[in-house]
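J.: Just to be clear, the model below is a prediction. Sequence and coordinates:
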Amino acid sequence: MITEGIDAMFRQWEEHNKRPFWRMVRLFIVRIFRGGGDSDTEGLDLGIGLVLTLLALPGGFVSILLFEKYGTLLQWMRGATDIDPFASTLPDEYFFITLSMAVTGAVAVWRWDAIFPDRRDYMNLVPLPISTRTIFVANLLAVLFLVGLIAIDVNAASSFLFPLVVGATQNAFLFFLKFAAVHALGVVLASVFSFFAVFSVLGVGMAILPPRAFKNVSPYVRALVVIYLVTLLSTTFALPDFLRRLPGSPPAWTRLLPSCWFLGLCQSMRGHADPELSALGRMALPGFGAVLGIAFCVYAVGYRRHFVRIAEITEGRSSARAAKKSQLSAGVDRWVLRTPFQKGCFHFVWKTLFRSESHRLVLKLRSGSRGKICQTRSQSQNQVRLFC
Amino acid sequence: MLEAVHLTKRYASLPAVQDLSFSLRPGQVLGCLGPNGSGKSTTVKMLTGLLQPTRGVVQFDGHNIQDNLEAYRKRLGYVPEEPNLYPYLTGWEYLELIGTLRGMLRRSLEKKVDSLLELFSLHPQRHASIGSYSKGMRQRILLIAALMDDPDIFIFDEPLSGLDVTSALIFKNLVQELGREGKLVFYCSHVLEVVERVCSDVLILRKGVVIAQDSVENIGQILGQSLENTFLHLVDDTDTMSVAHDIVTVMKMKAA
């Protein structure tokens, strides 16, 4: 009886999947993970499974490390028997919020080229008997599915493990459930916010700039977004303690950090927020709604400006930029590299490392995060103590 | 009948196609010739509805195609110049996707895809990703995608690029067969011999303007020359023999 029911459901799902609209949604989902850009082979194709695993890893690892901090035996050995779970989890809660924002934002930056339908989609789908409005809705659904999937994937491990280690100190299952629900809601909202915030920033550029100008500017905007995300992540070393010790209302700059809004929201939902955090928390939902609205508007405008008119836009890099690059290359060849072997090796390695937008972004992210870690470590050992 | 009525397309202020008119009857294979930048691709894009003309209309059976593009495209099979396919899909998956999006019935879709893959010698590679296909194989996938829903109108934009000799021969016969079946075929190409062999009529464009339009025989008879010589006479003033000679001279030049 049960197997028949499952079989029927499976068949129904298969049928549903074969309908043209849902087939297109599926195509866009796969395209967002595996496609993007106009090249056939240059992309950094890691496969959907590996990407999801890599995204889930940081949250899982950090949650496991927290067993050391919240382990009851270790706390007893340290003599810390009377701990306020809401106050002591504040830095960790903040860390998970910023981590989820940074990872999801980075995904939005990385997959930006694949989020919007491109020339390939245009050439394959538009000559078919499908309206451009249907393509618009199908791609929008695929983007929403992707955001939901990434938000859940990035936060899945921490939403279970972090409340588990904190709940172990309280011996109350209801505490665990409440803590987990609030934490999951906070980090998932922060993830979705971050994705659509990055989407809005890039989308505004797409909506107001001519296609070729946007193509030239986009890598720099994305690099700035990556720097912002790394900076946001590095605030986890100092900001929670700063907020906790703050007398009076928080300074205006904390209102510019959406991670503080979501921390305030979590603490408010738990009923343990001081007035300063509550004030920040009240900004979370309006901010979330605003970002969602802006993202939808820029998506619609960008789609109309870039996709519907793709046939009228000529391809190719501007000759001025190409000339500038070749001048730079000639300069390196003349002044730095001496033998033909050196020149050949240098150009091969350079072109291999920077062969696609994805590769360039990964390198920027890596160098940016390394730089930030070095700076933070050299600044002060005291700040590291706060985290511990 | 497919009709282009006073089609004009301008990019900013630059005219790509000017006042182009022709009609395409069932069974007619109309070849479109012209040098680079003559407006062939722009014409093809307007005929497929990808581009809106600045002025003029494209009519199918007396109706402006822009009024109901979806219904028109259901009856259109289009092979673009560049096989810009999804490299992460397999050949079979791509054709299944196109068939599904064209609203083909599942059973007939699978049967047709299998048969066409077999006929185009792609069946053994049907489960390999398109990223691993050669240009000719991708072109064959595009041909299958255009043929499989049995459309009434075919628009081919340089369909022979990358095809091997056997596939090219099959394709030439296929175009003639489609004409005999009463399909409307618009065939854009640089290859004059192919146009001469497969097309019943020819349209010659230069700088976006039609400079000759008639049956292949008539065009040749008017000037008493082959289509190749007629094309050169009408379109290009270049002395191809002397240019070829100059190229060899430059090639042989020794460094001082």
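T.: Structure received.

J.: Could you show which parts of the stretch 101-250 of chain A are in contact with chain B?
T.: Within the stretch 101-250 of chain A, the positions adjacent to chain B are A:119, A:120, A:122, A:123, A:124, A:125, A:126, A:127, A:128, A:129, A:130, A:131 by Cβ under 8 Å from any Cβ of the partner chain. The C-beta positions use only the backbone N, C-alpha and C, and glycine is treated the same way.

J.: least trustworthy helix or strand in the chain by mean pLDDT?
T.: In the absence of a named chain, this looks at chain A. When the helices and strands of chain A are scored by mean pLDDT, DSSP states H and E, helix A:381-387 comes last with a mean of 45.

J.: you looked at the wrong chain, it should be chain B
T.: helix B:227-235 (a mean of 67).

J.: Quick one: name whatever helix or strand follows that helix.
T.: helix B:240-252 (DSSP states H and E).

J.: In the stretch 1-150 of chain B, what residue spans correspond to helices?
T.: Secondary structure of the stretch 1-150 of chain B (DSSP state H, counting those that start in this stretch): helices at B:40-48, B:69-74, B:91-101, B:106-119, B:135-147.

J.: List the contacts of residue B:78.
T.: Residue B:78 sits next to A:127, B:48, B:146, B:154, B:155, B:157 when contact means Cβ atoms under 8 Å, 6 or more residues apart in numbering or on different chains.

J.: Which positions in the lengthiest helix in chain B come out as buried?
T.: Using DSSP state H to define each element, chain B has its longest helix at helix B:165-180. Neighbour counts over helix B:165-180 (16 or more other Cβ atoms under 10 Å in any protein chain shown) mark B:167, B:168, B:170, B:171, B:172, B:174, B:175, B:176, B:178, B:179 as buried.

J.: cool, and stretch A:268-283?
T.: In terms of neighbour count (16+ other Cβ under 10 Å), stretch A:268-283 has its buried residues at A:268, A:269, A:270, A:273, A:276, A:277, A:279, A:280, A:281, A:283.

J.: what's around residue 188, how many residues?
T.: No chain in the question, so chain A it is. Neighbours of residue A:188 under the rule other Cβ atoms under 10 Å in any protein chain shown: 21.

J.: meant chain B, my bad for not saying
T.: Other residues near residue B:188 number 24, with proximity taken as other Cβ under 10 Å.

J.: roughly how far apart are it and chain A?
T.: With distances taken as Cβ to the nearest Cβ, to the nearest Å, residue B:188 is found 15 Å from chain A.

J.: Show me which residues of the stretch 1-150 of chain B sit near chain A.
T.: So the stretch 1-150 of chain B meets chain A at B:11, B:45, B:48-51, B:69-71, B:73-74, B:76, B:78, B:80, B:82, B:84-89, B:97-98, B:100-103, B:106, B:131 (Cβ under 8 Å from any Cβ).

J.: hmm, which of the residues you listed are the buried ones?
T.: If we count by 16+ other Cβ under 10 Å, those have these buried: B:45, B:48-51, B:69, B:73-74, B:76, B:78, B:80, B:82, B:84-89, B:97-98, B:100-102, B:131.

J.: picking up where we left off before, which of the helices of the stretch 1-150 of chain B sits most buried?
T.: Mean neighbour counts were compared across the helices of the stretch 1-150 of chain B using mean count of other Cβ atoms under 10 Å in any protein chain shown; the top stretch is helix B:40-48, at a mean of 25.

J.: Using CSV, write out every CA atom in that one.
T.: This file holds the C-alpha atoms of helix B:40-48, laid out as CSV (Å, rounded to 0.1, in the frame of the first residue of the first chain):
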residue,chain,number,x,y,z
LYS,B,40,22.2,38.3,-44.2
SER,B,41,22.2,37.5,-40.5
THR,B,42,20.1,40.5,-39.7
THR,B,43,17.6,39.3,-42.3
VAL,B,44,17.6,35.8,-40.8
LYS,B,45,17.0,37.3,-37.3
MET,B,46,14.1,39.3,-38.5
LEU,B,47,12.6,36.3,-40.3
THR,B,48,12.9,34.2,-37.1
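
J.: If you count contacts, what does that helix end up packed against?
T.: Where contact means 3 or more Cβ pairs under 8 Å, 6 or more residues apart in numbering or on different chains; DSSP states H and E, helix B:40-48 is packed against strand B:2-11, strand B:14-24, strand B:29-33, strand B:153-157, strand B:184-188.

J.: what's that helix in contact with?
T.: Contacts to helix B:40-48, defined as Cβ under 8 Å, 6+ apart, come from residues A:127, A:311, B:2, B:4, B:7, B:9, B:16-17, B:20, B:32-34, B:51-53, B:58, B:73, B:76, B:78, B:81, B:155, B:157, B:186, B:188, B:205, B:208.

J.: now the nearest residue to residue A:254 once chain neighbours are set aside: how far from residue A:85?
T.: Closest residue to residue A:254 apart from its sequence neighbours, by Cβ to Cβ, 6 or more residues apart in numbering or on different chains: residue A:260 at 4.9 Å. Between residue A:260 and residue A:85 the distance is 20 Å, computed by Cβ to Cβ, to the nearest Å.
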